[in-house]
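**Q** predicted coordinates and the sequence they were generated for:
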Amino acid sequence: MAHFAELNSSNEVLRVIVISNDDVAANGGDLHADAETFVASIVPHSTGGTAWKQTSYNSNFRKQYAGPEYTYDASKDKFISFKPYESWSLNSNDDWQAPVTYPNVTEMSSLPVMITWDESNLRWKGETIDLSKTPSITYFVWNASSKAWSEV
């Protein structure tokens, strides 16, 4: 099955639909403008929809599988995921990157650290849960300078 993302006039993805591989092959093949035209002829645009672009469910082309709130960058011919936080920026691979490097320590006292981004304080925070202690939750913040977790 082939997947096509519907774009609005700002190249934002509105939805993704599935089209038969046979229909795509009969209309120019993968990544062909004729296949996009074919899709437009059989699937009406939703409100605000203006174009169709093929996306790869397996991320074999156009960087990654498109989804709602992604954008299509025509100059790079790829789909870019939505920006997770205001402070994040795109790196050279067009992946969103936090202003602080992701922690490389993912375990404390033999317990996995559940890591989340704290946008208000521009830092990584973590927590461990020790179920052997009724349960006991310990909270941490990542110190990017020392590359270690600090308990809070």
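**A** That came in fine, so what should we check first?
**Q** quick check on the residue lying closest to residue 45 once chain neighbours are set aside: phi, psi?
**A** Among residues not flanking residue 45 along the chain, residue 6 sits closest, at 6.5 Å (Cβ to Cβ, 6 or more residues apart in numbering). Bear in mind the C-beta positions are built from the backbone N, C-alpha and C, glycine included. Backbone torsions of residue 6, given as degrees, to the nearest 10, read phi -90, psi 130.
**Q** how close does residue 6 get to residue 51?
**A** 7 Å (Cβ to Cβ, to the nearest Å).
**Q** look at the two and report which has more neighbours.
**A** Comparing residue 6 with residue 51 by other Cβ atoms under 10 Å, the one with more neighbours is residue 6, at 24 against 18.
**Q** pull up the gap between that one and residue 129, please.
**A** 42 Å.
**Q** also residue 144?
**A** 24 Å.
**Q** and for residue 1?
**A** 40 Å.
**Q** ok, those two, which is more surrounded?
**A** residue 129 (13 against 9).
**Q** confirm that residue 7 sits in a strand.
**A** Yes. Assessed by DSSP: H, G, I helix; E, B strand; the rest coil, residue 7 belongs to a strand.
**Q** hang on, it packs against residue 46?
**A** No. With contact defined as Cβ atoms under 8 Å, residue 7 does not reach residue 46; the gap is 10.8 Å.
**Q** these two: who's more crowded?
**A** residue 7 (24 against 10).
**Q** run through the bridge partners of the more buried one.
**A** Counting by DSSP bridges, residue 7 forms beta bridges with residue 13, residue 51.
**Q** dump the residue contacts of it.
**A** 13-14, 49-53, 72 (Cβ atoms under 8 Å, 6 or more residues apart in numbering).
**Q** got the CA coordinates for the lengthiest helix in the chain in PDB?
**A** Longest helix in the chain, counting residues (DSSP state H): helix 33-42. Extracted in PDB, the C-alpha atoms of helix 33-42 (Å, rounded to 0.1, in the frame of the first residue of the first chain):
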ATOM      1  CA  ALA A  33       3.800  13.800 -10.000                       C
ATOM      2  CA  ASP A  34       1.300  11.800 -12.000                       C
ATOM      3  CA  ALA A  35       0.600   9.600  -9.000                       C
ATOM      4  CA  GLU A  36      -0.100  12.700  -6.900                       C
ATOM      5  CA  THR A  37      -2.400  14.000  -9.700                       C
ATOM      6  CA  PHE A  38      -4.200  10.700  -9.700                       C
ATOM      7  CA  VAL A  39      -4.800  10.800  -6.000                       C
ATOM      8  CA  ALA A  40      -6.200  14.300  -6.300                       C
ATOM      9  CA  SER A  41      -8.600  13.100  -8.900                       C
ATOM     10  CA  ILE A  42     -10.100  10.300  -6.800                       C
END
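**Q** appreciated, that's everything.
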